[in-house]
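# Sequence isn't available, so here's the structure alone:
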């Protein structure tokens, strides 16, 4: 659980850092829109990847819970 909290915080920090760096750089409107689009696509990919990994973890945990315990 601590790892997930760390990863969530790290991802949030990365998103906020990217957003602020985009807004604070002096560029033309067209260049800025292009960078925003590029960064948004990259962040979307990271979020999908993290969600996919988390889903796989949860499915594995659920599978282990559904398996009946072995009797000795």
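Thanks, I have the structure now. In this text the structure is predicted, and so the values were computed from the model without any measurement. Numbering: from 1, shown residues only.

# which other residues reach stretch 50-61?
Under the criterion Cβ atoms under 8 Å, 6 or more residues apart in numbering, residues 4, 7, 11 lie in contact with stretch 50-61. For the C-beta atoms, the positions are set from N, CA and C on the backbone; glycine is no exception.

# now it: mean pLDDT?
Averaging pLDDT along stretch 50-61 gives 91.

# so where does residue 65 fall, helix or strand?
According to DSSP states H and E, residue 65 maps onto helix 29-66.

# chain center to that helix: distance?
Mean C-alpha position of helix 29-66 versus that of the full chain (Cα atoms, centre = their mean, to the nearest Å) differs by 4 Å.

# and which of the contacts of stretch 50-61 is nearest residue 31?
residue 11 (25.8 Å; Cβ to Cβ).

# Next up, the contacts around the residue nearest the centre of the chain.
For the chain, residue 47 is the residue whose C-alpha lies nearest the centre (Cα atoms, centre = their mean; 3.2 Å). Each residue near residue 47 by Cβ under 8 Å, 6+ apart is listed here: residue 11.
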